[in-house]
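Student: What follows is a predicted structure for the sequence shown.
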Amino acid sequence: MRAIAEAIGRRVGLPVVSITPEEAPAHFGFLALFAGRDAPTASALTRQRLGWTPAGPGLIADLEKPRAVA
């Protein structure tokens with residue numbers, strides 16, 4: 001979560017700060033329930049069932065990639 005927030009902060013030019021779990025509900029509202037969850041995931045099942053192989057960049061690299069502004 002921290003790495004994602006830092007990548008977004010760099011892209012939009014805003015500082016990123018850490019908050020405690022106790023501060024999260026005031027900051028995130030009901031989304032704090034999701035922000036604080038440990039939900040490790042893997043693509044192994046998707047790869048197996050669909051024959052999928054990821055070809056693009058990872059999430060952080062994709063967030064940091066320059067984009068054209070419309």
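Tutor: Yep, it's here.
Student: The lowest-mean-pLDDT helix or strand in the chain: what's the following helix or strand?
Tutor: Ranking every helix and strand in the chain by mean pLDDT, DSSP states H and E puts helix 32-35 at the bottom, with a mean of 86. Past helix 32-35, further along toward the C-terminus, the next helix or strand under DSSP states H and E is helix 44-50.
Student: Name the residues of the least confident helix or strand of the chain that are buried.
Tutor: Using 16 or more other C-beta atoms under 10 Å as the burial criterion, the residues of helix 32-35 that qualify are A32. Every residue, glycine included, has its C-beta placed from N, CA and C.
Student: From the contact counts, what lies against it?
Tutor: helix 24-28 (3 or more C-beta pairs under 8 Å, 6 or more residues apart in numbering; DSSP states H and E).
Student: where are the low-confidence patches of this structure?
Tutor: Residues of the chain meeting the criterion pLDDT under 70: 68-70.
Student: For the longest helix along the chain, C-alpha coordinates in PDB please.
Tutor: Counting residues, the longest helix in the chain under DSSP state H turns out to be helix 2-12. Output in PDB follows, covering the C-alpha atoms of helix 2-12 (Å, rounded to 0.1, in the frame of the first residue of the first chain):
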ATOM      1  CA  ARG A   2       2.800   2.400   0.900                       C
ATOM      2  CA  ALA A   3       4.700   1.800  -2.400                       C
ATOM      3  CA  ILE A   4       1.400   2.400  -4.400                       C
ATOM      4  CA  ALA A   5       0.700   5.700  -2.500                       C
ATOM      5  CA  GLU A   6       4.300   6.800  -3.000                       C
ATOM      6  CA  ALA A   7       4.200   6.100  -6.700                       C
ATOM      7  CA  ILE A   8       0.900   8.100  -7.100                       C
ATOM      8  CA  GLY A   9       2.300  10.900  -4.900                       C
ATOM      9  CA  ARG A  10       5.400  11.200  -7.200                       C
ATOM     10  CA  ARG A  11       3.100  11.200 -10.300                       C
ATOM     11  CA  VAL A  12       0.900  14.000  -9.100                       C
END
